[in-house]
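In: fold the following.
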Amino acid sequence: MWLVTYISTGPTIRVASLPSTAAPSENILLLQHIDRTILETLRKDRTIELVAPSAIAARPSNPYPYFFAEFSADWVLEVQFSSTSLAYQVELTLVDARTGLEITAAHALGSNKADLSAKVATTLTQTIMDLKTEN
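Out: Next up, the predicted model:
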C-alpha cells in the first residue's frame, strides 16, 4: 500500500513551518488561528511532510541549515503577521532549508479573521503548486 501511495503522489517535500511572528501588541489568538490554518492547509497536500512541532520548538536561533541537516527538510515556511486599523496582512516566505535563501514570498490581506484565513489558505496552496510545477 505504501508503494502505491508513493507512486501516486510522487516524491514528498518536507516543510518546517515556523510559528508566526508579529509585534508584541498583535492579537495572539489570531496568530494562533493563522498558524492552525497554515498547518491544516499543508496537511491537506499529500506530497508534503511536516516537521513535528516539538522539533520546531527545539530549534536553534538560526534554523539554517539545522532543519535540513537534522530532518532533511526542503523548505522552511516563515510567517510574518501585521495589522492596521483597516486590514490584516500575512507574509508567507518559503526559504530553502539548506541555504537559508528565500525561494518565494506571498502576501495575504484580509479584513477579518475568516477572510484572512481563507486568503492565507488559498495563497499558500497556490504558492506551493507553483513551486512544484517549476521543479
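In: residues of the helix or strand containing residue 122 that come out buried?
Out: Per DSSP states H and E: residue 122 is located in helix 113-134. Buried residues in helix 113-134, defined by neighbour count with 16 or more other C-beta atoms under 10 Å: 116-117, 119-121, 123-124, 127-128. To be clear about C-beta, it is placed using only N, CA and C from the backbone, and glycine gets the same treatment.
In: spatially nearest residue to residue 19, not counting backbone neighbours?
Out: Of all residues not flanking residue 19 in the chain, residue 35 sits nearest, at 5.8 Å (C-beta to C-beta, 6 or more residues apart in numbering).
In: tell me what the host helix or strand of the one you found is packed against?
Out: Secondary structure from DSSP H and E places residue 35 in helix 28-44. In terms of contacts (3 or more C-beta pairs under 8 Å, 6 or more residues apart in numbering; DSSP states H and E), helix 28-44 is packed against strand 13-17, strand 48-50, strand 75-83, strand 88-96, helix 113-134.
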